[in-house]
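> Sequence below, structure please.
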Amino acid sequence: MREKSTMNWSRATFFALGMTALGRALQIADGELGRNPYPAIMCLTIAILMSSLAIFTPRSSRIGQRGFTVVVTLCVMINFAQLVTKSPCVGVTSPDQLAPFAMGFAAAALLCGVMLADQGIARVSAFAGLLLIVAILGGWAILNRPNPHIDVYVFQTDSSAALANGHDPYELTFPNVFAPDTSLYAEGIVQDGRLQFGYPYLPETLFAVMPASLLHFDVRYAQLAAILGSAILIVAGNPSSLGFAAAILFLTTPRLFFVLEKSWTEPIVLLMLSATIACAIRWPRVLPIMLGLFLASKQYVPFAAILFFVGWRPMRQTILLLIKAGIIALIVTLPLVLWDISAFWHSAIALQFHQPFRYDALSYLSWIGESSFSKGAVVLIPFAALLSSVTLVLWRRRSIGFAASVAFCFLLFFAFNKQAFANYYFFVIGAMACAIAELAPNPNDPQLIAAPDRKDFAPAHVAGATN
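Numbers count the residues shown, from 1 in each chain. Got it, this is the predicted structure:
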């Protein structure tokens, strides 16, 4: 038991370092390669190294709870140092706008200190206070950036309005908010100043922002709720030192408010992953529903289905669970798909393969340059990286968890992709937080605030039990 506990703390430590390194990579140039690509690429490489160590932790590793707490404390300090030295949002720069953030970060730092040093009701109260601060600052960021200059916000706003009025969102066209620049889209996509495709994501993310739209709120409030919900589910899945530390690292990620400002859909994808992990640990009967919702959340996510074969769950049980999850995913997705199959295919599937190579992407391909690769290689390399990482994970499947596998595999997939920006890596950061939370709690940890039935943590019920 001691060796198992030590390996859990070691893996959690490596993931904490990976989250911090990846957060720094996004902070340098807002998730882009930047004019001087070396600092961001170096941080990205460190994040890959840390996640690799977390997956393939040697049995000789002996990092304990005290070492983990020290590392997390240092990582949180690094996060706050970055939060206060650069505007949390690109469009929020005036002193009047930044004053609430400064006060909020000061209060959040104190609450994080309580969460790391204390236990019981004090820790829970501090966590509730941290959630409230993030909610207030997130709302402040949204109010101060009512119309962010990005196409994703237009996609969600116009599509939700169209669906509310009974129109197929996949048959829409959108204005080119970057006009006269058309380089961000494939040739022929922009005609007469409009983008010739409809809603470019899967239906679930549109359904997720519909409540905010119907209430005439900014759709980003739904994404703010998803960020807060993810943190809550991380703690609910593992209400021990591991879970609280993971939530702290996630909520103090330097570019969190930047992702919110830009209205990217990854917070919703992350919410479904964190719900999947929480259900795998605590509410296994609901697991097929949440796994199905996760698999239906974005185009790249279905590749994660094979990663659910990690852990000690019997093969037959895993296959049955995936079948149930697949049915849920179809129930969520098919209504809008069947409305106009060709429009859905053009907007949500075919479009992704025609997107141009982005020299500003935070990836090794962009760093090396498109001219070094053939067009076929640009497509094949990220999938080769994904296949290789999946193979390695399945080889180690009895010693790692689902969220850890997702974080490791998709980090490599994005790092070798032609398009890789802050939103994709924000999802990976959240997946690393879930990976920390899915590690089996230390039964000797006096800070465990709940007393769940021990069978909830048995290998057969957990997405991936650890050694």
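
> what's the spacing between the residue of the chain most remote from its centre and L365?
Relative to the centre of the chain, the most outlying C-alpha is that of D192, 35.3 Å out, by CA atoms, centre = their mean. Distance of D192 to L365, given as CB to CB, to the nearest Å: 32 Å. Yep, even glycine has a C-beta here, placed from its N, CA and C like the rest.

> Show me where the stretch 151-300 of the chain has its helices.
Remark: helices assigned in the stretch 151-300 of the chain by DSSP state H, counting those that start in this stretch are 151-164, 203-214, 220-237, 241-251, 256-262, 266-281, 287-295.

> relative to helix 241-251, how tilted is the longest helix along the chain?
Using DSSP state H, we find that the single longest helix of the chain is helix 2-29. If you take axes from the mean of the first three to the mean of the last three CA atoms, to 10 degrees, helix 2-29 sits at 10 degrees to helix 241-251.

> how about helix 2-29: buried residues?
5-29 (16 or more other CB atoms under 10 Å).

> do the same with stretch 115-127
Buried residues in stretch 115-127, counted by 16+ other CB under 10 Å: 115-116, 119, 123-124, 126-127.

> Now that stretch: average pLDDT?
Average pLDDT, stretch 115-127: 92.

> In CSV, list the C-alpha atoms belonging to that stretch.
Extracted in CSV, the C-alpha atoms of stretch 115-127 (Å, rounded to 0.1, in the frame of the first residue of the first chain):
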residue,chain,number,x,y,z
MET,A,115,-6.7,25.1,1.0
LEU,A,116,-3.1,23.9,0.9
ALA,A,117,-2.4,24.3,4.6
ASP,A,118,-5.7,23.5,6.3
GLN,A,119,-8.3,20.8,6.2
GLY,A,120,-12.0,20.0,6.9
ILE,A,121,-14.5,22.8,6.9
ALA,A,122,-11.8,25.5,6.5
ARG,A,123,-10.6,24.0,3.3
VAL,A,124,-14.1,23.5,1.9
SER,A,125,-15.0,27.1,2.8
ALA,A,126,-11.9,28.4,1.1
PHE,A,127,-12.7,26.4,-2.0
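
> Other residues contacting that stretch?
69, 72-73, 76, 111-112, 114, 130, 235, 244-245, 247-248, 446-447, 449 (CB atoms under 8 Å, 6 or more residues apart in numbering).

> now the residues you listed: which count as buried?
Looks like the contacts of stretch 115-127 have 69, 72-73, 76, 111-112, 114, 130, 235, 244-245, 247-248, 447, 449 buried, using 16+ other CB under 10 Å.

> Spell out, range by range, the helices that occur in the stretch 351-467 of the chain.
351-354, 364-368, 375-395, 402-415, 422-437.

> any chance of these in JSON lines, plus mean pLDDT?
As requested, those are arranged in JSON lines below (pLDDT from 0 to 100):
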{"stretch": "helix 351-354", "mean pLDDT": "87"}
{"stretch": "helix 364-368", "mean pLDDT": "94"}
{"stretch": "helix 375-395", "mean pLDDT": "89"}
{"stretch": "helix 402-415", "mean pLDDT": "96"}
{"stretch": "helix 422-437", "mean pLDDT": "97"}
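
> Contact partners for the residue nearest to L44 when sequence neighbours are not counted?
Nearest residue to L44, sequence neighbours excluded (CB to CB, 6 or more residues apart in numbering): A25, at 4.7 Å. Going by CB under 8 Å, 6+ apart, A25 touches 31, 40-41, 43-44, 47, 362, 425.

> Most neighbours among those, please name it.
L362 (31 neighbours; other CB atoms under 10 Å).

> is it true that that residue touches E32?
Yes. Here L362 lies in contact with E32, judged by CB atoms under 8 Å, at a distance of 5.9 Å.

> Now for the two: what residues contact both?
Joint contacts of L362 and E32 (CB under 8 Å, 6+ apart) are 40, 421-422.

> Redo those as TSV? Include distance to F294.
Formatted as TSV, the shared contacts of L362 and E32 follow (distance: CB to CB, whole Å):
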residue	distance to F294
A40	28
F421	21
A422	21
